[in-house]
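# Here you go, sequence then predicted model.
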Amino acid sequence: MIQLKKYKISVIISGGQTGADRGALDFAIKNGIKHGGWCPLGRKSEDKEIPSCYSLLETTTFLYPARTRMNIRDSDATIIFSSDINSKGSLLTTKFCIEMKKPYFTLLLDKKSLNKLNSDYLTNNYYKISKWLNKIKPNILNIAGTRESHCPGIQKTVSKILDKLLVNSGETIEWPPRKPDTLDLFSSFL
């Protein structure tokens, strides 16, 4: 595999759920990249509570769609690592990206591809993601995707993939860019 030039990123955010979200946060922490993101009230996650090692801010609701929308709003672009691109969460993330006119990239990570990081499928997608990042040029990258219980191993895989693609830019970018405003986030649900 030809060595990719890593994209310089300033901030990585996610919602803190197990799986893809935490894989991104783990990668950021390990590489000294500023991290953050919005999570549900009470730091709600499938394993009860998001650990305090992740610097996340709570929304004013327990509902997952609020944090999904806020993370898209407060980032420049989103990568969705999904084991099922037609899942409720992946479809909602895509919908919000389109509504807010935010760029997004979806990578299907099914059970077959999880342990084959050097497979042709992933190699081709490394180049596609790298090309996309260099075209979009995000400073704040939102990572979303499948939770660990729905696709065991996705957390470590996402961290490994990001390690091949990203490096710390060294730039200081303020995050969050504004105070949360959860009330207007539900207008599309009414």
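The structure has been received and is ready for your questions.

# Run a quick neighbour tally on Glu174.
When neighbours are counted by other C-beta atoms under 10 Å, Glu174 registers 10. For every residue, glycine as well, the C-beta is placed using N, CA and C.

# Then it would be within a helix, right?
No - with DSSP: H, G, I helix; E, B strand; the rest coil as the criterion, Glu174 is located in coil rather than a helix.

# what pLDDT does the nearest residue to Lys34 once chain neighbours are set aside get?
Distances taken as C-beta to C-beta, 6 or more residues apart in numbering put Val11 closest to Lys34, at 4.7 Å, once the chain neighbours are dropped. On pLDDT, Val11 comes in at 98.

# Val11 pairs with what?
For Val11, the beta-bridge partners under DSSP bridges are Lys34, Ile140.

# Isn't it up against Ile33?
Yes - assessed by C-beta atoms under 8 Å, Val11 is found in contact with Ile33 at 7.1 Å.

# More neighbours: which of those two?
Higher neighbour count among Val11 and Ile33: Val11, with 26 against 22, using other C-beta under 10 Å.

# if I pick that one, what's in contact with it?
Applying C-beta atoms under 8 Å, 6 or more residues apart in numbering to Val11 gives the contacts Ile33, Lys34, His35, Gly36, Asn139, Ile140, Leu141, Ile173, Trp175.
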